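# Okay, sequence plus prediction incoming.
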Amino acid sequence: MKTSFWLSMIGLAIAAVAVWFVLHRFEGQPPFVETPDQIILGQSPQSIQIRLQDEESGIRSASIRLLHGAGSVSLLEEAYPGDLLQGGLKSSKDRTLSLDLESSSGLAPDGQATLVLQIRDWSWRDGFAGNRTEISIPVLIDTRPPTIDIESGITYVRRGGSGAAVYRIEEADTLDGVRVGASFFPGYPHPSGEPGQRVSIFAVPVQTQDASNIEVVAWDLAGNEGVARFPAKILNRAFRESSISIDKNFIQRVAFPLAQEAGLGDSDPAETFRQVNEKLRSLNEVQIRESVVESGQSAPLWEGAFKQLRGSKVTSRFAEDRSYTLNGETISKARHYGFDLASTARAPITASAAGVVAYASPLGIYGDCVIIDHGLGVASLYGHLSSLDVKVGEFVEAGQILGRSGSTGLAGGDHLHFAILVGNEYVDPLEWWDPKWLRSHIDVRLEN
Ligand SMILES: [Zn+2]
């Protein structure tokens, strides 16, 4: 009696385990598949990562096909180890497929296509074929680079000077602009043109190589690059060299506090000056460009020529190559990318042209500093101020007071450091101050 009781209990337990096992192997959870939402394939090869997860039974197979206007092509057909009794191996529970797509191998014609993924697991469902996940991803195949039609004629640009290029791109949603050597100047919708017409204000940076090409480039969403040579000639010019003698007192009084504030500096005065003049300067330059990009005015806000500060005397010109000496020894070098303008102490500083304030705060070597975004990547900078009267985001008229001059930052006395930027590059303000030059080189290209 006792024996048969235990036997039936064991039989029951075995039956329970068998039921659990069958239910377990019949699980209905389809594989989880993680893919990009869409694929845009250009001329360059692309590697797509696809993650497959199946906790219970494990992934059994993966099949990927590309359906396109002219037919279909199989891209991947894989089976993963496992058996119906135990399911997939541990490695089949989570695996990542890398799918290499290459349009140049004649994958499919340009146009819309669909990537179809079919993934199965080791479950007994669907007549032992496993749970199935099917996913379709839209694919845009575009192997043609954007075509660029140059509309502006031959352009002469001085080294350190500015220019404007007008061109037309039929393809929408491109990133485009003018490339000069290693510098890039983004294009904007033409302010008075038709859709597709673009304008880029560009510069020939002081350090540009003579043989550098000036070209219009455009990238579409598929990453294809279109290039058109822009008919421009670089006019050479020389820049002044100057030597500035500084003393330990200046370093102690002016450079040392700047270094401390920036977490730089050294016990050696020459090294402290070098860190402020070179390291802090380059950090400040990054911040200047970031503020203009963030402001991002895409229409020209200036009207007519920019104005030099009224009644000011030029004490230093654009792109002067400066050497700094201490006790007759050169301790640092830097190019001075602005004009130094002297007036009376605490003179009212006015906007050289209309625009939107992109920066109005202390800025390292530039002291209390205002940057105005004039649109199309053109900006003006006012450094060493003693007080600030404007705020970021504010629209300012030409001639509006921004603050008062001073000697904050790396300055020996009260003066205005004035600079103009085009994109990431400093340019000679003389051109922008010249009504004739501005009219014939820039403004005329912004009209229709
Ligand atoms: Zn200066």
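Cool, got the structure. Numbers count the residues shown, from 1 in each chain.
# what residues are up against the closest residue to residue 394 other than its chain neighbours?
Residue nearest to residue 394 in three dimensions, not counting chain neighbours: residue 357, with 4.7 Å by Cβ to Cβ, 6 or more residues apart in numbering. All C-beta atoms are positioned from the backbone trio N, CA, C, and that covers glycine. Contact analysis of residue 357 by Cβ atoms under 8 Å, 6 or more residues apart in numbering lists 370, 371, 372, 373, 390, 391, 392, 393, 394, 395, 396, 402.
# What's opposite residue 357 in the beta bridge?
residue 372 (DSSP bridges).
# Could you do the one 5 residues further on as well?
The bridge-partner assignment for residue 362, based on DSSP bridges, gives residue 368.
# which ones are touching the nearest residue to residue 358 once chain neighbours are set aside?
In space, and not counting its chain neighbours, residue 358 is closest to residue 295: 3.7 Å by Cβ to Cβ, 6+ apart. Each residue near residue 295 by Cβ under 8 Å, 6+ apart is listed here: 356, 358, 373, 379.
# Quick check: the gap between residue 295 and residue 420.
Using Cβ to Cβ, to the nearest Å, residue 295 is found at 15 Å from residue 420.
# Quick check: closest non-adjacent residue to the residue of the stretch 201-350 of the chain found nearest the ion.
For the stretch 201-350 of the chain and the ion, the shortest gap (Cβ to the ion) falls at residue 340, measuring 4.2 Å. Leaving out its chain neighbours, the residue that sits closest to residue 340 by Cβ to Cβ, 6+ apart is residue 316, at 3.8 Å.
# which SS state does residue 274 fall under?
Three-state call for residue 274 (DSSP: H, G, I helix; E, B strand; the rest coil): helix.
# check contacts around it.
331, 332.
# Give me the phi and psi angles of the closest residue to residue 252 other than its chain neighbours.
For residue 252, ignoring the flanking residues on the chain, the nearest one in space by Cβ to Cβ, 6+ apart is residue 269 at 7.1 Å. Main-chain dihedrals, residue 269, degrees, to the nearest 10: phi -60, psi -40.
# residue contacts, residue 269?
For residue 269, the contacting residues are 248, 251, 252, 255, 256, 326, by Cβ under 8 Å, 6+ apart.
# Make CSV from the residues you listed and add distance to the ion, secondary structure and neighbour count to it.
Output for the contacts of residue 269, formatted as CSV (distance: Cβ to the ion, whole Å; DSSP: H, G, I helix; E, B strand; the rest coil; neighbours: other Cβ atoms under 10 Å):
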residue, distance to the ion, secondary structure, neighbour count
248, 22, helix, 12
251, 18, helix, 20
252, 21, helix, 12
255, 15, helix, 24
256, 20, helix, 18
326, 19, strand, 18
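# quick check, nearest of the residues you listed to residue 426?
Within those, proximity to residue 426 (Cβ to Cβ) peaks at residue 255, which comes in at 22.2 Å.
# I figured that closest one hits residue 273, correct?
Yes - if you go by Cβ atoms under 8 Å, residue 255 and residue 273 touch, sitting 4.8 Å apart.
# helix/strand/coil for the spatially most central residue of the chain?
The residue lying closest to the centre of the chain (Cα atoms, centre = their mean) is residue 293, at 9.0 Å. Secondary structure, three-state DSSP: residue 293 is helix.
# Residue 421 now?
strand.
# Can we start the residue count at 2 from this point?
Sure thing, new numbering starts at 2, so read that last one as residue 422.
# That one bridge partners, please.
Under the criterion used (DSSP bridges), residue 422 bridges to residue 380, residue 427.
# count of residues packed around it?
Residue 422: 23 surrounding residues under other Cβ atoms under 10 Å.
# Residue 295 now?
11.
# Find the residue closest to it in space, skipping its chain neighbours.
Spatial nearest neighbour of residue 295, chain neighbours left out: residue 359 (7.1 Å); criterion: Cβ to Cβ, 6+ apart.
# pLDDT score for the residue of the stretch 2-151 of the chain found nearest the ion?
Nearest to the ion, among the residues of the stretch 2-151 of the chain, is residue 151, at 36.7 Å (Cβ to the ion). Note on residue 151: pLDDT of 97.
# right, and it touches residue 170 too?
No - using Cβ under 8 Å, residue 151 is not in contact with residue 170; the gap is 10.6 Å.
# These two: which has the busier surroundings?
Under the neighbour definition other Cβ under 10 Å, residue 151 and residue 170 were set side by side, and residue 170 has more, 21 against 15.
# how about low-confidence regions in the stretch 2-151 of the chain?
2 (pLDDT under 70).
# Which stretches in it count as helices?
With DSSP state H, counting those that start in this stretch as the criterion, the stretch 2-151 of the chain has helices at 3-26, 126-129.
# Single out the most deeply packed of those helices.
Highest mean neighbour count of those: helix 126-129, a mean of 12 (counted as mean count of other Cβ atoms under 10 Å).
# Can you give the contact residues for that one?
27, 28, 29, 85, 132, 133.
# how about the residue of the stretch 2-151 of the chain closest to the ion, what does it touch?
Per Cβ under 8 Å, 6+ apart, neighbours of residue 151: 166, 167, 168, 217, 229, 231, 232.
# Where does the stretch 52-201 of the chain get nearest to the ion, residue-wise?
Using Cβ to the ion, the closest approach of the stretch 52-201 of the chain to the ion is made by residue 161 at 15.4 Å.
# element containing that residue?
Secondary structure assignment for residue 161, by DSSP states H and E: no helix or strand.
# Check what pLDDT it gets.
So, for residue 161, pLDDT stands at 97.
# Please identify the residues of this structure in proximity to the ion?
339, 341, 418 (Cβ under 5 Å from the ion).
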